[in-house]
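> Below: sequence and its predicted model.
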Protein chains: 2
Amino acid sequence: MKSNDLQTLSLTNFNIEDDFWSEYIRLVREVIVPYQWEALNDRVEGAEPSHAIRNFRIAAGEEQGEFYGMVFQDSDVAKWLEAVGYLLETQPDAELEAVADGVIDTIAKAQQKDGYLNTYFTLKEPGKKWTNLAECHELYCAGHMIEAGVAYYRATGKRKLLDVVTRFADYMDTVFGEGPDQLHRYDGHQEIELALVKLYHATGEAKYLNLSKFFLDQRGQQPHFYEQEWEERGRVTHFPSISIIQDHPYSQSHLPVREQQTAEGHAVRVVYMCTGMADVAVETGDADLLEACRKLWHNIVTKRMYITGGIGSMAHGESFTSDYDLPNDSIYAETCASIGLIFFAQRMLQIEPKSEYADVMERALYNTVVSGMSRDGKHFFYVNPLEVYPISNRKNKNFEHVKSERQGWFGCACCPPNIARLLASLGQYIYTLKDNTLFTHLYIGGVSEWDLSGHNVKLEQHSEYTSNGKVKFTITADSPADFTLALRVPDWSDQAAFAVNGIPFVIGPDLIVDGYVRIKRIWQTGDQVEIVFSMPILRMKGNPLIRHTSGKVALQRGPYVYCLEEVDNGPNLYQLILSKESSLKVIYDPLLLGGINVILAGASRLSTDEWDEQLYRHDAEWQTKHTAIRFIPYFAWANRGIGEMTVWIKDS
Amino acid sequence: MKSNDLQTLSLTNFNIEDDFWSEYIRLVREVIVPYQWEALNDRVEGAEPSHAIRNFRIAAGEEQGEFYGMVFQDSDVAKWLEAVGYLLETQPDAELEAVADGVIDTIAKAQQKDGYLNTYFTLKEPGKKWTNLAECHELYCAGHMIEAGVAYYRATGKRKLLDVVTRFADYMDTVFGEGPDQLHRYDGHQEIELALVKLYHATGEAKYLNLSKFFLDQRGQQPHFYEQEWEERGRVTHFPSISIIQDHPYSQSHLPVREQQTAEGHAVRVVYMCTGMADVAVETGDADLLEACRKLWHNIVTKRMYITGGIGSMAHGESFTSDYDLPNDSIYAETCASIGLIFFAQRMLQIEPKSEYADVMERALYNTVVSGMSRDGKHFFYVNPLEVYPISNRKNKNFEHVKSERQGWFGCACCPPNIARLLASLGQYIYTLKDNTLFTHLYIGGVSEWDLSGHNVKLEQHSEYTSNGKVKFTITADSPADFTLALRVPDWSDQAAFAVNGIPFVIGPDLIVDGYVRIKRIWQTGDQVEIVFSMPILRMKGNPLIRHTSGKVALQRGPYVYCLEEVDNGPNLYQLILSKESSLKVIYDPLLLGGINVILAGASRLSTDEWDEQLYRHDAEWQTKHTAIRFIPYFAWANRGIGEMTVWIKDS
């Protein structure tokens, strides 16, 4: 099997039954996708209008009206359809399928004769297509529609949307390319690159892979086309506030992709680009491209990532800034960026299964991504701060982008449908298969089905991973099958005990490779592997080059980073100090947020006694008082009203 | 004498001879004012164009052309002329006076027949005067021109500019007022209020005082006129980025001034307003207005001021934010705002001499104001940060307003001429006289001359205050004079020793009132008062409600707050820890920046050993190494290239 095989395995092979995740996946099906359908149709009271479905109806001639929304509004419909595809692939739903078929009919009608499909340019700027690639997201929207077309085809076998996007891609292939009459250009927002590789997988047509590679190869070439294109269209700028045309790092077009060594600019674009680069690298055997992926990965995870797996330090341009610049309060850490980081990690795991990729994937998934959505599935964070002081945030505009409560639906609504499509396809992130070795990256319970050495093998994972670190695998095989189970040891566990059929499995040095314990044997039905990962409460520290975490500590247990909230610990959380002698204790609180493990700690609090109304004093010593504090998992914050929150706390 | 007498005393009575200040005053005369004249005439290479003089020439019909610059560009010329007035009052300069006379001739010609004077509206929006008081600074510019007219008249006895501004004020008095056909409105940017009181002092005309009071009384009344005015002019907005029309706190028009209890919005406006309120309160005996001054003062200095005397926590709107919200890095702390705070303090000292006003005045003057200008008099800070990390600031747009080097001249050039006029009139801030008591607020060397109990008294102050805390006063009186010398004990001194004619003066509890030691006697020529203020190195702490200084310490010695710079201490200043056991030692460094006292300290530094490329670890303890560090006075930072700087350092 080739490393891309996972892309062609149906989600029906990945049934999820998991204490933590099943509820989220139920939410996607029963709440998020239906709610988002209402939102896309502007039927959610109090939410910002979307108009996304109406734009398609108008372009299809089904309605009268004008385009409304962002230039990339179409992509919300595409991401919703992609999520629907994953849901239908996992479990049939005739009603949902009928709704989706209806939208797809509309989309097909909105497609132009030449194959072009984009309601903004069709309705609002006819005749101007491909004139503002830097800013206007045409290929980005196309990419999302391709992902939707592929997902829907895989789920239902219905070709209508796949044919629409194939025609569109065929048309693109005439417009863009090396030829003298073709555009040697690319989209300001990456997405088409990874989408074309999916289309290649779905159709087997190499030209889509080649077009993806073309876009990557063009990126960052000189002379830069943004300025040229801008001159050609009469110096019209679509987003004047972020200087996309001049600020090449913003869209990672400052250098050819193979020469980029640091993650610059808009964080979502970086990780979408890297995902596409990894896809093309593995298909074409392009070692330089793969090496560029490794370098960008390394820069992100060793210098530019929050402990929650969030990326993007700055609201302006939703961007990376510089190495070790990781402010916790004015942070951006967009939910979509962490989702993109998970895509990137998934591709790297397919190429070279090393636990560092899965460790980061898990960090982003269990912290930033899950934090991005409320437990009711109807409220979302776009920005995921690590420190919030609502009273001062309210008046200090540096924090205008940081919300203290999850919001209903955004004007720029990228995050909610992105969460939906990730959770609906979560089965694709748990395992990879390479050279007859089945790698487990995430310990998410459920049953998966594989073809191993010509045998049909079912792997049942029973996981209590998030609560106590225990996981059990049970094998069912049509006949004894010789293969290797490679089981990731997460970076947060200091002791991992394995047993095969009740007998301790001694992990020799050659049996743990790149963070995976490898168990090779002839597996038979009924074989069991039991694992216990120790789950200490970790006192995490940031690299001393991060000034925002210097002298501070954060708690982590298992995959969860913890935080303090005002509702549990009173105001002025920065006054708390957790010394290394502090007692730390995990307690299961069944009443809190549906039941979660909290951490109780003895701490001290800087006292405000004897200060009255003085602002600065020279005769004061810090006074502290003992206090008991309570940490909750970061993902669960902001579910009990508006209040302070912090992940990092002063160390003694 | 009334409390306002100082306003009518000539600067010739305040000759300054001071180790620290004489050089600055020489710079104002020899460098800043000539340099600014070049800048106002667009003859400084590489600096942003000002066009301010040309605007007047064009409005006067002396040149052809169009208005260029900010809507308040005229005020730069006015502030320059005001500074020139102070210089000429202190010391004649025929050449400078001739230049100023020339400008004044032009200004007079630019005045309209009805008395109106404003080049923006005359040239760019004729017919639209008084249609956008919220945003367009007409009365603000008028106020600065009034201050210039009064200063120039006092210096030279020449009435030309005074007559211009009097005509303008007379015209305003017909436009604005209680009458049914008059505008019940006020300027969005306060300044006219304090200026009209100066005009009242210069002319004795009560109507100017009444008009000042009218503007203060109107401010914040409902229904609010900003929206009404905006509708009337067809919903045109001049500064769309800061929502002046809707955001009433920005311009302190959210409440009647007597009801305001917290400093809200644009910091310069707040303190200019308070200065005018204090002026009117003392002239009219308005107890409510005075109480409002006290409340706003109290809010600023006990909850919203940096240790350097900087005010304004946020770049957006150059504004105050909320109590205890004092970020050191994304700070604004505009130089002009600290200058305005000094104006406010000076007025309060005239009303009620309490050392807390002078302590704050000194803090702002010796730290933020002096930091605002380079030692060559040609480079200026607009923003005065307390923490700078240039590498991350460069790419993080939250810090775009924070410069690591002083700049030549600004597009919005309020700060340089404001520094010039303050330093040129510094003599007015040292003393006040009340009820036969001569208060010394600042220990700045020089000779001042007074009429005390009908006697001519010269007070010679010899000051080594900034270097060793020693001050000596010598009296010269035409005959023995019975009065009280009230000498401020600064808040940073824990022991003050006084001697009169060599005999220790024992300070009984009734002899120190509101922070001033009162020495009452019949003073004769040759009498001397010697003071030694102890000058310990103070380990300053911020109120525990300030999260940005929590667990940190700043050093202060005498009036100077100290800071660390990268050039002395290497990069990553946040890694340094100053324990309370650290040795601290003052050393005079004659080679550094013209000779300054530095503080040497033993400290520890968080080590980056054993971290390599990991971003987060659970198995690390903070390692520290001993290191020697060097603090310099804050005002002297950024004179040795671009590098990190911090005022606050981790406490043990």
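That came through, no problem. Worth saying up front: this structure is predicted, and the values here are computed from it rather than measured. Numbering: from 1, shown residues only, chains lettered A, B, ... in the order given.

> What parts of the stretch 151-300 of chain A come near chain B?
Contacts of the stretch 151-300 of chain A with chain B, taken as CB under 8 Å from any CB of the partner chain, map to A:His298. For the C-beta atoms, the positions are set from N, CA and C on the backbone; glycine is no exception.

> Show the residue spans covered by the helices in the stretch 151-300 of chain A.
Applying DSSP state H, counting those that start in this stretch to the stretch 151-300 of chain A gives helices spanning A:160-175, A:192-203, A:206-218, A:225-232, A:267-284, A:287-303.

> and those, which is most packed in?
helix A:267-284 (a mean of 26; mean count of other CB atoms under 10 Å in any protein chain shown).

> which helices and strands sit right next to that one?
Judged by 3 or more CB pairs under 8 Å, 6 or more residues apart in numbering or on different chains; DSSP states H and E, helix A:267-284 is in contact with helix A:192-203, helix A:206-218, helix A:287-303, helix A:335-351.

> Just put these in CSV and tack on mean pLDDT.
Output for the helices and strands packed on helix A:267-284, formatted as CSV (pLDDT from 0 to 100):
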stretch, mean pLDDT
helix A:192-203, 97
helix A:206-218, 98
helix A:287-303, 98
helix A:335-351, 97
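
> Take these and lay them out in a markdown table including distance to A:Phe225.
Shown next, in a markdown table, are the helices and strands packed on helix A:267-284 (distance: least, CB to CB, whole Å):
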| stretch | distance to A:Phe225 |
| --- | --- |
| helix A:192-203 | 16 |
| helix A:206-218 | 8 |
| helix A:287-303 | 21 |
| helix A:335-351 | 24 |
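
> just so I know, which of the ones you listed lies nearest B:Glu565?
Nearest to B:Glu565, of all the helices and strands packed on helix A:267-284, is helix A:287-303, at 25.1 Å by CB to CB.

> how about that closest one as PDB, C-alpha atoms only?
Listed next in PDB are the C-alpha coordinates belonging to helix A:287-303 (Å, rounded to 0.1, in the frame of the first residue of the first chain):
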ATOM      1  CA  ALA A 287      12.800  15.500  -1.700                       C
ATOM      2  CA  ASP A 288      13.400  19.200  -1.700                       C
ATOM      3  CA  LEU A 289       9.700  19.900  -1.200                       C
ATOM      4  CA  LEU A 290       9.500  17.300   1.600                       C
ATOM      5  CA  GLU A 291      12.600  18.900   3.300                       C
ATOM      6  CA  ALA A 292      10.800  22.300   3.100                       C
ATOM      7  CA  CYS A 293       7.800  20.800   4.900                       C
ATOM      8  CA  ARG A 294      10.100  19.500   7.600                       C
ATOM      9  CA  LYS A 295      11.800  22.800   8.000                       C
ATOM     10  CA  LEU A 296       8.500  24.700   8.300                       C
ATOM     11  CA  TRP A 297       7.100  22.100  10.700                       C
ATOM     12  CA  HIS A 298      10.200  22.400  12.800                       C
ATOM     13  CA  ASN A 299      10.000  26.200  12.900                       C
ATOM     14  CA  ILE A 300       6.300  26.200  13.900                       C
ATOM     15  CA  VAL A 301       6.500  23.500  16.600                       C
ATOM     16  CA  THR A 302       9.800  24.600  18.100                       C
ATOM     17  CA  LYS A 303       9.500  28.300  18.000                       C
END
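
> Contacts for it, please.
Here helix A:287-303 makes contact (CB atoms under 8 Å, 6 or more residues apart in numbering or on different chains) with A:216, A:257-263, A:270-271, A:274, A:277-278, A:280-282, A:311, A:323-324, A:341, A:344, A:347-348, A:351, A:356-357, A:360, B:613-615.

> let's go with 7 Å and repeat that
A:257-258, A:260-263, A:274, A:277-278, A:280-281, A:311, A:323-324, A:344, A:348, A:351, A:360, B:613-615 (CB atoms under 7 Å, 6 or more residues apart in numbering or on different chains).

> same thing with stretch A:444-453?
A:13-18, A:21, A:426, A:430-431, A:433, A:436, A:438, A:456-463, A:481-483.

> Report the buried members of those.
Among the contacts of stretch A:444-453, the ones that count as buried by 16 or more other CB atoms under 10 Å in any protein chain shown are A:13-16, A:18, A:21, A:426, A:430-431, A:433, A:438, A:457-463, A:481, A:483.

> Just the ones of those in helices?
Using DSSP state H, A:Trp21 are the members of those that sit in helices.

> which residue packs closest to A:Ser75, ignoring adjacent ones?
A:His144 (4.3 Å; CB to CB, 6 or more residues apart in numbering or on different chains).

> how far away is the one you found from chain B?
Separation of A:His144 from chain B (CB to the nearest CB, to the nearest Å): 28 Å.

> neighbours of that residue, just the number please.
Using other CB atoms under 10 Å in any protein chain shown, A:His144 has 29 other residues around it.

> does it count as helix, strand or coil?
helix (DSSP: H, G, I helix; E, B strand; the rest coil).

> residues near the nearest residue to A:Arg159 once chain neighbours are set aside, how many?
Nearest non-adjacent residue to A:Arg159, counting by CB to CB, 6+ apart: A:Tyr153, 6.1 Å away. Neighbour count for A:Tyr153, taken as other CB under 10 Å: 21.

> Contacts only, for A:Tyr153.
Counted by CB under 7 Å, 6+ apart, A:Tyr153 has contacts A:159, A:162, A:202.

> okay, A:Leu6: pLDDT?
Looking at A:Leu6, its pLDDT is 50.

> thinking again about what came up before, of all the helices and strands packed on helix A:267-284, which one comes closest to A:Asp619?
Closest among these, using CB to CB: helix A:287-303, at 41.9 Å.

> The closest one: how far from the chain's middle?
18 Å (CA atoms, centre = their mean, to the nearest Å).

> Please apply the same query to stretch A:317-330.
That offset, for stretch A:317-330, works out to 18 Å (CA atoms, centre = their mean).
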